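Engineer: Fold the following for me, if possible:
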Amino acid sequence: MTILDQIIETKRKEVEQLKNERSISYFESQSNFKRSTYSLKNSIRKNDFGIIGELKRKSPSAGPILPEMDLPLLAKNYVDSGICGISCLTDLDYFGGSIYDLQQLRTLVQLPILRKEFIIDYIQIFEAKAAGADAILLIASVLTKKEIKEFVRIAHDLNLEVLFEVHTLKEIDKMCGLEDLVGVNNRDLHLQKTDLSISERLFNALPSEKLKISESGIKTKNDIDFLINIGYNGALIGESILKQSTPEQFISQLKTN
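Structural biologist: I've put the predicted structure just below:
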């Protein structure tokens, strides 16, 4: 089994437990379920190149990244840096996050929050909405085309936007056309290898009308310039920000023209 296979196997058990403990009506009763959402899409459009900052304590590829995360301080750094949105990892076993991180983050920022999770069941979308998310990630490699269409519909019914993630040309064919943004993950989730040139190779095959985000392996201003020259609208950046002693200053350097 690859690491992605292991993650999905664990996630199926988590979802089964979630369904045993929580109902759709429970999520619908939560205060965040009724709140108006912020648009990640519009936030990125307001910038020449939008940066989505990520919150994660560890990853299968990098190991420990920021195990003792000071979430309120990091949230403040992100807000002060002027980023377009925050990606919040909610997977515990492999990334050290939880849905409670997202709930806490919602009380700290008035920015679009993306729930970054391995979504394999509709109940996770309701959970995301109840926790205060504004958008969800759908990963092409772990879903069928039918599931993608169904999950996009549910997300939109809940006023959540969808960032659809691909890594190969074949995965682009799974798009239903209703996704709000398309992200190219430069990391192979099976092999945990990262190659920024994936964004270049896939760009021309992406729908021209969609906002395009490059994810993973983005570390320098040169990387940002590389993506801008290709035509990307933004980038999702985690590790390289989280390892900085002054995240706000680092993000400012990335955004400098």
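
Engineer: Chain neighbours aside, what residue packs nearest to R35?
Structural biologist: Closest residue to R35 apart from its sequence neighbours, by C-beta to C-beta, 6 or more residues apart in numbering: G132 at 7.1 Å. C-beta: built from backbone N, CA, C; applies to glycine.

Engineer: Contact partners for that neighbour?
Structural biologist: G132 makes contact with 32, 35, 102-103, 105-107, 113, according to C-beta atoms under 8 Å, 6 or more residues apart in numbering.

Engineer: and if you look at I3?
Structural biologist: 60, 94, 189-190, 192.

Engineer: let's see 6 Å
Structural biologist: Contact partners of I3, counting by C-beta atoms under 6 Å, 6 or more residues apart in numbering, are 60, 192.

Engineer: Against P247, how distant is it?
Structural biologist: Distance, I3 to P247, using C-beta to C-beta, to the nearest Å: 27 Å.

Engineer: next one: N42
Structural biologist: 24 Å.

Engineer: out of these two, which sits in the more crowded spot?
Structural biologist: P247 (22 against 13; other C-beta atoms under 10 Å).

Engineer: In what element of secondary structure is the closest residue to the more buried one other than its chain neighbours found?
Structural biologist: In this structure, P247 finds its nearest non-sequential neighbour in N77, 4.5 Å apart by C-beta to C-beta, 6+ apart. Per DSSP states H and E, N77 falls inside helix 71-81.

Engineer: all strands for the stretch 101-250 of the chain, in order.
Structural biologist: Taking DSSP state E, counting those that start in this stretch, the strands of the stretch 101-250 of the chain run over residues 113-116, 135-139, 161-166, 181-185, 187-188, 193-194, 211-215, 234-237.

Engineer: For the third one, name the packing helices and strands.
Structural biologist: Counting contacts by 3 or more C-beta pairs under 6 Å, 6 or more residues apart in numbering; DSSP states H and E, the secondary-structure elements packed against strand 161-166 are strand 135-139, strand 181-185.

Engineer: if we go to 8 Å?
Structural biologist: In this structure, strand 161-166 makes packing contacts with helix 40-45, strand 135-139, helix 145-157, strand 181-185, judged by 3 or more C-beta pairs under 8 Å, 6 or more residues apart in numbering; DSSP states H and E.

Engineer: related to what we said a few turns ago, what number of residues are in the vicinity of the residue nearest to P247?
Structural biologist: For N77, the tally of surrounding residues (other C-beta under 10 Å) stands at 20.

Engineer: Tell me what the most centrally placed residue in the chain is bridged to.
Structural biologist: In the chain, the centroid-proximal residue (C-alpha atoms, centre = their mean) is K116; its distance is 4.0 Å. Counting by DSSP bridges, K116 forms beta bridges with L89.

Engineer: Per-residue pLDDT of it, please?
Structural biologist: Looking at K116, its pLDDT is 98.

Engineer: and it, what does it touch?
Structural biologist: For K116, the contact set (C-beta under 8 Å, 6+ apart) comprises 54, 56, 87-90, 137.

Engineer: wouldn't S240 be in contact with S216 here?
Structural biologist: No: in this structure, S240 is not within contact of S216 by C-beta atoms under 8 Å, at 10.0 Å.

Engineer: Compare neighbour counts for the two and give me the winner.
Structural biologist: For S240 and S216, the more surrounded residue by other C-beta under 10 Å is S216, and the numbers stand at 26 against 17.
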